[in-house]
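Trainee: Next input, structure requested:
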Amino acid sequence: MSSVVAVVSGGMDSVTMAHQLVAEGHRVHLVAVDYGQRHRRELDCARAAARRLGTTYDEVDLTSVGRLMRGSSLTDPAVPVPDAGRAPAGANPDIVPNRNAVLLAVAFTVAVVERAPAVAFGVMADDVGPSDTSPAFLDAFLAMERIATRGRSTADLALLAPLSTLHKHEVVALGEELNVPWEQTWTCYRGEELHCGSCAACVERRTAFVAAAVKDPTEYRR
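Mentor: A predicted model of the protein is given here:
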């Protein structure tokens, strides 16, 4: 059994990853980050995962940093969340540039302090849009962290991405095997009372359940 610091948002992928790590027998410390995201309801699901799995949990307040992340629909109230397939031409407004570098930096800080040999991140095979989910980014970030924490971290410091070869419907299938309660995960970018059902994240969620032939317990607004 090894210690793993896992970045968990409260979404389907990171919650499934948390269940998988616990099932494999790791000592897991879940870390969630409040960066002022519009869909802050996901943090409720991150807390719920920690309680359910009996892991340690920290929620880091980076809302002041989030206010600097202007121009994204996830962090900027002036930028609306578009429906799937209706984003304006140009850069995808649903992407927060460099966000994952910030999240991983926080997780590695915790790992170094706790002498944990690994950080886990819930990227999957379908995360092809943002460059900060790519294998090249993850490899480069780990190389940077090994230099930055030399003499403080374990010699074999690792960055795990256990879902990186799985597509969304395969994540759903894995989550079913691990008894993930899908109603306690959050996907919608709009962050309203219910999943909207029409943003890119909701459409991806709905499609994944259909492709996996798994009943979707999510209540959608439309």
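Trainee: Residue 9 is in contact with residue 74, correct?
Mentor: No - with contact defined as CB atoms under 8 Å, residue 74 and residue 9 do not form a contacting pair (11.1 Å). Where C-beta positions appear, they are placed from N, C-alpha and C, glycine not excepted.
Trainee: What lies in contact with the strand or helix carrying residue 31?
Mentor: Assigned by DSSP states H and E, residue 31 falls within strand 27-34. Strand 27-34 is contacted from outside by 1-10, 18, 21-22, 40, 43, 46-47, 49-50, 53, 55-63, 66, 102-103, 106-107, 110, 114, 116, using CB atoms under 8 Å, 6 or more residues apart in numbering.
Trainee: In strands only, show me those.
Mentor: When DSSP state E is applied, these are split such that 3, 4, 5, 6, 7, 56, 57, 58, 59, 60, 61 fall in strands.
Trainee: Of those, keep whichever come out buried.
Mentor: Among the ones in strands among the contacts of strand 27-34, those classed as buried by neighbour count (16 or more other CB atoms under 10 Å) are 3, 4, 5, 6, 7, 57, 60.
Trainee: could you dump the ones in strands among the contacts of strand 27-34 to a markdown table with distance to residue 138 and pLDDT?
Mentor: Compiled in a markdown table, the ones in strands among the contacts of strand 27-34 are given as follows (distance: CB to CB, whole Å; pLDDT from 0 to 100):
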| residue | distance to residue 138 | pLDDT |
| --- | --- | --- |
| 3 | 20 | 96 |
| 4 | 15 | 98 |
| 5 | 15 | 98 |
| 6 | 14 | 98 |
| 7 | 12 | 98 |
| 56 | 24 | 97 |
| 57 | 23 | 98 |
| 58 | 22 | 98 |
| 59 | 23 | 98 |
| 60 | 20 | 98 |
| 61 | 25 | 97 |
